[in-house]
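what's the 3D shape of this:
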Amino acid sequence: MFETLQKQHQTWKENKRKTKKGDKLTLDFTGRIDGKEFDGGKAEAFELELGAGRMIPGFEKEITGMKGGKRKQLK
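Below you'll find the model as predicted:
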């Protein structure tokens, strides 16, 4: 219970280092299949905690270690 309360009341601050597990990211992305966008595959200002396992397999691994403001194309 204590850990849950801590997570609910934690604060976040912006930093310039590479991302790591446990970091909260705000990102924009567009998913495509065979080069075409698909319904539900696009988001802006999407908040994601690295390591939470909320995205498709491999997505979090690919963005771990990136610095803020950078772009990356994932397969």
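
from here on, contacts and neighbour counts on C-alpha atoms
OK.

Provide the contact partners of the lengthiest helix in the chain at residue level.
In the chain, assigned by DSSP state H, the helix with the most residues is helix 2-9. Residues from elsewhere that reach helix 2-9, judged by CA atoms under 8 Å, 6 or more residues apart in numbering: none at all.

ok, now stretch 31-47?
By CA under 8 Å, 6+ apart, stretch 31-47 touches 24, 25, 26, 27, 28, 29, 30.

buried stuff in that stretch?
The neighbour-count check on stretch 31-47 (16 or more other CA atoms under 10 Å) flags nothing as buried.

quick one: the helices in the protein?
Applying DSSP H to the chain gives helices spanning 2-9, 59-63.

who wins for proximity to residue 19 among those helices?
Taking CA to CA, helix 59-63 is the member of those nearest to residue 19, at 7.7 Å.

State the mean pLDDT of the closest one.
For helix 59-63, mean pLDDT is 94.

packing partners for it?
Based on contacts counted as 3 or more CA pairs under 8 Å, 6 or more residues apart in numbering; DSSP states H and E, there is no element that helix 59-63 packs against.

List the buried residues for that helix?
Within helix 59-63, judged by 16+ other CA under 10 Å, the buried ones are 60, 63.

Kindly reformat the helices of the chain as JSON lines and extend each row with distance to residue 73.
Output for the helices of the chain, formatted as JSON lines (distance: least, CA to CA, whole Å):
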{"stretch": "helix 2-9", "distance to residue 73": "31"}
{"stretch": "helix 59-63", "distance to residue 73": "9"}
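
Right, I'll call it a day here.
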